[in-house]
Structure formats: structure tokens, C-alpha cells
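> Predicted model, plus sequence, below.
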Amino acid sequence: VAVQYPDFLKPDFSTQGRQVLLLCAALLVACASTPAPAPPPRLQVLASEAENDAMRHYARGDYAAALRGFTLALRLQQSLDNSIEVARHQLNLAQCELALGKTQAALQRASLVTEPKFLTESRLLQAQANLSLGLVKPARPLLSQLNADCETDCTYRGTLHLLQARAALLEQQAAEAVSYSEKALNVLIEKHEDHETANAWRLMAAAQLALSDPTKAMDAAQAALSIDRKLGLPEKIARDWLLIGDIQRNGNAVQAKESYRRALAVAQAASLTEVIKIATQAMKENTP
Amino acid sequence: VSILIEQDTDAAALRRGTRQFLLAGALVATLIVAAILVRQGLFRQTASLGFITDTAQDISKGQSVKIAGFRVGSVEAVNLRPDGKVEVALEVDASYMRFVTRDAVIELRKEGLIGSAMLEIIPGADKTRLAADEAVLTFSRSEGLSALANNLRDKITPILADIKTITGTLADPRLGLSSTLAKAHDATDSLNALLVTGNQQARDVGGGATRVLAKANTDLGQVGHTLETVNNALPVILDKAQRIMVHVESITADAESSVPPALRDGGALATDVREIVSGAKTAWPIRGLVAVPVGRKLVTDSDPRAEGGRAVP
């Protein structure tokens, strides 16, 4: 009895089909020719899984969970005597601590990293931590060193300009801060680094406010707010509203109060204790 | 003749005895006089000291001069000078001059609160420089009973003035005690009125509470009725729940035997898949197409808490 196959099941040994079959056969032979690799050590697998979890938590903004994950990964890598991975996790932990506001701990941890491969990242984090603590003096030599290392092609130029702008702002050199913010924006917008771009706009707004140019300051602050909303970062959104309130404060106290109220609402919804305090204080001080 | 010679011998012996007795008596008398003179200080070496004062009150010749409570001399002379000041000379045993420094002070004190007056030499701080003979020292008078009385009077006088002011204020009809008592009386009256009002309100609240309790009693009756209904329906519901639980138990028992192998199979399958994928990744030519994993990096964020924005004061 002759079997009647549907058209799409009918064997088609055209030239093209033969080529595909030959390629598949070649692939199978190639795979079979290589012996199966030895499975990675159990602790290595656990460390990778812990790191993956921590990365996911960090990306979601759950920095406390990310800190726990990186701590476990660090311990596992220390038990494997893997100095490169240990240094990398120390830097990841420092970054989590900075995000959690544990700035002093982050500074201490970042300064422990002396692995040449991660020296630049370590210096960047140390400079960032010092600036978060309002300490420009110890940040200056780090920024100079980073700048010297960045003469040729470097991947952290945008971040470096941001830190330089922040240092200038802390030293009340607003014009210099504007200049660095502009440089940073030129680099960051091209590289599509949204977090840093928003930071650059925020610094630009603060610097323009210091230069008594509320129009430019407001444009920059709105740009920062727009990006931070897109990224879904409540603390940054709340602080952007605080900054907008500061810009409006001299010209329109009613609008400024409304901006502070928005900042307070965001902070309360996200349980940001520190920002709640700042916003409440700002509202009290700005009572028209 | 022999009798006469014998009488002359006896007379000579008597004269000699008398002479010896008189000599011994004179010697004893001399010794006594000498002892008295020594006792009186005739042969003692003394030094002179002096001081000038405005008045000779309580100072007299022969008055004791003491150092640290020991008598060391006396007042030799008290003279009024042409300028009206009084010059007092002291005679002090020279052996005690080692305690008298140049900055020493002679103080007139009373022995006890009302005892006789005497002069006390109080040595100064600089023990290396001793006063010379006939040195003139500083004089002071310690506070006597009258000075203490004056001091006490000075302290009591303002207190008495304050008491007078306070009593005057208390006696003031507008601000004093009588006015305060009157106000307290008024306040008591107000408090009484308040208590009366409070009592009235408490009675009103009590009435309200009684009504609420009566309403609550009615409501509780209704709740009791509802509970009775529930009580009747409950056995049926419980029976149904029991049957459902039995059913769930049977399902769980089935799952207990069937699920673990399935999970084990799933786990084994996942392991196989992972091994196949891992093997394929490392096999030629796919390993050339798969990017070698590099050190993963967190998102760069130089200001994760957006603190930089409000750094400007």
C-alpha cells in the first residue's frame, strides 16, 4: 500500500536541502569529536549563582538583597583563593554600600582593592565616596590620577567628568561644574548611559541654579527627572523634585511648595526616610 | 702656863670655824643671787624688734610676745611719736630670732574670744631672709569681738531690709496676701461651679450610656439569633469541608507517589540539558560563535542616591 504523505512532509532532496543536511551532519560530527568538558567546581557554580542573583537584585534597585548576594559570592570566591574575583566582588559590594548610603564603609572597602586590573574602578569609587561625604580634598588626587590615566581612550571619561563637576560644585565653582557637566553629557548621551546622563543633567541644574540662571537650571532638572522616571528610581525622582523646588523657590514660592510636596509624596510612597525629612523641612522653610 | 696655852689653841680653832662658816654662807648667797639673775634673764641675749601703729589700744608694756603660741619676749616700751603714731618696742629672746623673717607680721590677738590681748609674731613665706636686730615689722590687728559684731551687723542689715520689703508686700491690700487669698477664694468658687457642671454632664453621659447599653443589649440579642442560625448551618458546612479534606488527602497521597519521580526526572532532564548546552558551547565550531564571558559589571552610576544635585548651599 503506497503511503500518501502531505506535501509539507514529502522528502525534498533538492540541492539546497542536501546542503542543509550536510551542514547538520558536519556539526554533529564536530560536536561528537570534542570530549565533554569537566563540570565546574561546585563552589564556583554556587558563587556564580549568588552573583547572578545579586546582579538581578541590583538592577531592580533592591540594593540590600544585592549586598547579601555579593557578600556570599565574595566569601565563596575567597574560599577558592580567586583574588581577581574577590577584588571584583569587593568593588560590587562597595557600589551597593554607596547606593545604601553606607558611604564610609564603601570608601574603606574600595580602598582595600589593590588588584591592578581593578585599580581604576577602585579609584573611581573612592572619589565618589569622598564626594558623597563632602570631602573634596581627598577626592582631588584620585581625580587627577584618573584624569592622567584617561589621556588616551578610556571607558570612564563620562563618569570622571561627572565626578569633576561634583567636586567643582562642592567647591562652589559653579561655572567649572557647568563646563564638566557639558563634557560629561557629550560623552554619556552618545554611549546611552541613562543613569549617568540623568546625573549629569542634575548636576548641570544645580550648577546653573548656583549661577542664578533658573531657566537653564529648570530645563536641566526636568531632563534629569524625565530620565529618572523612565528608569523608575524613586529616590532620584524625589530628589529631582527637591531640586526643582529649590529652583522655583526664589521666583514662585507656591510652585516650589508644590514641588516639595511631590518630592515628599514620592519619598513617603517609597519609604525614603532621609528624603522625607529633607522634603518636610523644605516645605516648612518655604511656607509662603 | 700650860692651861693658858691650851685656851689660846681652842680660841684659834673657834675663830677659824667661824670664818669658814661665814665664807660658805657668802658663797651660797652669791650662788642664789646669780641663779635669780639668770632666771630673770639678766645674762640672756635678747634682740629688739619694733612696729608702728595708729593707736596703742590693747597694747601695754610687759605684754607677752609669742611665736606659735610660745612666749618669746615682751613689750619693752610703748611711745607716742611727734607725728601722732605709736612706736612699740619689743624685746625678744635672740635664740628665737631664727623664726622671725623680714616679711613677718606682728598681730595683736585676744587669747580666746574675750581673753587678754597679746602680740603674736607670724613668720612670712620667705624663710631664707631673717629679720635683723632692731628691725621694724608690719603690724595688724586681728578681728576682735567688736569687729565680728560689726561684720555680723553688716550682713544682717540687708536681710532685715528684705524681710521688711516682703512683709510690706504681703500687707499690700492690692498685691499682698489678702488679695491672693481673695483670688484663691474666687478660684475655689469657679472650681465648685465647674464641678457642678461636670457632675451634670456626667449624669447626662450616664443617661446616654444607659441608652447605648440598652441598644447594645438588643443588638446582642440579634447577634445571638444570628449565631443560632450559624450553629444550625455549621454542621452541614463542616461535613462538606470534611469530605473535601478527605478528597484532598487522597490527591496528596497520589501526588506523593507520582510527583517525586517526575521532579527527579525533571531535575535529571535539566542537568542533561545544561550538560548538552555546556558541551555545545565548548565544542567547535560553536565555541567560536559564543562570546567568552568577561567579568560582569554593575550599571555605572556615580550618584546612586542623587545627592550631588543639592550640594549647593
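Perfect, I can see it now. Numbers count the residues shown, from 1 in each chain, chains lettered A, B, ... in the order given.
> and the residue most central in space within chain A, what element?
For chain A, residue A:195 is the residue whose C-alpha lies nearest the centre (Cα atoms, centre = their mean; 5.7 Å). Assigned by DSSP states H and E, residue A:195 belongs to helix A:194-210.
> Counting by contacts, list what that helix packs against.
Counting contacts by 3 or more Cβ pairs under 8 Å, 6 or more residues apart in numbering or on different chains; DSSP states H and E, helix A:194-210 packs against helix A:157-170, helix A:174-191, helix A:214-231, helix A:234-249. All C-beta spots, glycine's among them, are computed from the backbone N, C-alpha and C.
> ok, now which ones touch residue 133?
All of this refers to chain A. Residues counted as contacts of residue A:133 (Cβ atoms under 8 Å, 6 or more residues apart in numbering or on different chains) are A:103-104, A:107.
> that's the wrong chain, I meant chain B
Counting by Cβ under 8 Å, 6+ apart, residue B:133 touches B:47-48, B:94, B:97.
> So among these, which ones count as buried?
If you count burial by 16 or more other Cβ atoms under 10 Å in any protein chain shown, the buried members of the contacts of residue B:133 come out as B:47, B:97.
> TSV for the contacts of residue B:133, including distance to chain A and secondary structure?
Shown next, in TSV, are the contacts of residue B:133 (distance: Cβ to the nearest Cβ, whole Å; DSSP: H, G, I helix; E, B strand; the rest coil):
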residue	distance to chain A	secondary structure
B:47	76	strand
B:48	79	strand
B:94	78	helix
B:97	73	helix
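> what about the chain, any weak spots by pLDDT?
All of this refers to chain A. Applying pLDDT under 70 to chain A flags the ranges A:1-15, A:31-37, A:153, A:288.
> wait, chain B
For chain B (pLDDT under 70), the answer is B:1, B:41, B:113, B:143-147, B:175, B:256-267, B:270-271, B:274-275, B:277-296, B:310-313.
> need the helices for chain B, in chain order.
Remark: helices assigned in chain B by DSSP state H are B:2-40, B:145-171, B:177-282, B:286-289.
> before we move on, back to that, let me know which of the helices and strands packed on helix A:194-210 is the nearest to residue B:119.
helix A:157-170 (79.2 Å; Cβ to Cβ).
> rewinding a little: contact partners for the residue nearest to the centre of chain A?
Residue A:195 makes contact with A:231, B:299-301, according to Cβ under 8 Å, 6+ apart.
> can you check residue A:197 too?
A:185, A:188-189, A:227.
> Kindly reformat the helices of chain B as a markdown table containing distance to chain A and mean neighbour count.
Below are the helices of chain B laid out as a markdown table (distance: least, Cβ to the nearest Cβ, whole Å; neighbours: other Cβ atoms under 10 Å in any protein chain shown):
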| stretch | distance to chain A | mean neighbour count |
| --- | --- | --- |
| helix B:2-40 | 91 | 10 |
| helix B:145-171 | 46 | 10 |
| helix B:177-282 | 5 | 10 |
| helix B:286-289 | 8 | 11 |
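> which stretches of the stretch 1-150 of chain A form helices?
Using DSSP state H, counting those that start in this stretch, the helices of the stretch 1-150 of chain A run over A:15-33, A:42-60, A:63-79, A:83-99, A:103-112, A:119-132, A:136-149.
> export those to a markdown table and tack on distance to residue B:167?
Shown next, in a markdown table, are the helices of the stretch 1-150 of chain A (distance: least, Cβ to Cβ, whole Å):
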| stretch | distance to residue B:167 |
| --- | --- |
| helix A:15-33 | 117 |
| helix A:42-60 | 81 |
| helix A:63-79 | 73 |
| helix A:83-99 | 73 |
| helix A:103-112 | 67 |
| helix A:119-132 | 69 |
| helix A:136-149 | 70 |
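> Figure out which of the ones you listed is closest to residue B:115.
Proximity to residue B:115, assessed across those by Cβ to Cβ, is greatest for helix A:103-112 (76.7 Å).
> any idea how far residue B:123 is from the nearest residue to residue A:79 once chain neighbours are set aside?
Sequence neighbours aside, residue A:43 is the residue nearest to residue A:79 in space, at 6.3 Å (criterion: Cβ to Cβ, 6 or more residues apart in numbering or on different chains). For residue A:43, the distance to residue B:123 (Cβ to Cβ, to the nearest Å) stands at 89 Å.
> Mind checking which of the two has more residues around it?
residue B:123 (18 against 14; other Cβ atoms under 10 Å in any protein chain shown).
> Looks like that one contacts residue B:102 (just checking).
No. Applying Cβ atoms under 8 Å, one finds residue B:123 not in contact with residue B:102, separated by 9.9 Å.
> for residue A:100, phi and psi?
phi -90, psi 0 (degrees, to the nearest 10).
> That one contacts residue A:66, correct?
No. Contact criterion Cβ under 8 Å: residue A:100 and residue A:66 do not qualify, at 9.2 Å.
> Please say which of those two ends up with more neighbours.
residue A:66 (26 against 16).
> how far away is that one from chain B?
8 Å (Cβ to the nearest Cβ, to the nearest Å).
> Confirm for me that that residue is in contact with residue A:97.
No. At 10.2 Å, residue A:66 and residue A:97 do not qualify as touching, with contact defined as Cβ under 8 Å.
> and residue A:58, what does it touch?
A:66, A:92, A:95-96, A:99, B:298-299.
> Name the nearest residue to residue A:145, sequence neighbours excluded.
Residue A:145 sits nearest to residue A:123 (Cβ to Cβ, 6+ apart), 6.1 Å away.
> Likewise for residue A:242?
Using Cβ to Cβ, 6+ apart, the closest residue to residue A:242 is residue A:263 (4.6 Å).
> Look up how far residue A:203 lies from that neighbour.
Relative to residue A:203, and taking Cβ to Cβ, residue A:263 is found at 18 Å.
> The two: which has the busier surroundings?
Legend: neighbour count by other Cβ under 10 Å for residue A:263 and residue A:203, higher for residue A:203 (33 against 27).
> In this structure that one contacts residue B:302, no?
No. Between residue A:203 and residue B:302 there is no contact, the gap being 9.6 Å when judged by Cβ under 8 Å.
> shared neighbours of those two, which are they?
Residues within reach of residue A:203 and of residue B:302 at once, by Cβ under 8 Å, 6+ apart, are A:162, A:166.
> Next, residue A:151: phi, psi?
The phi/psi pair for residue A:151 (degrees, to the nearest 10) is phi -60, psi -50.
> And for stretch A:170-186, what's in contact with it?
Contacts of stretch A:170-186 with the rest of the structure, by Cβ under 8 Å, 6+ apart, involve A:131, A:134, A:136, A:158-159, A:161-162, A:164-166, A:168-169, A:196-197, A:200-201, A:203-204, A:206-208, A:210-211, B:311-313.
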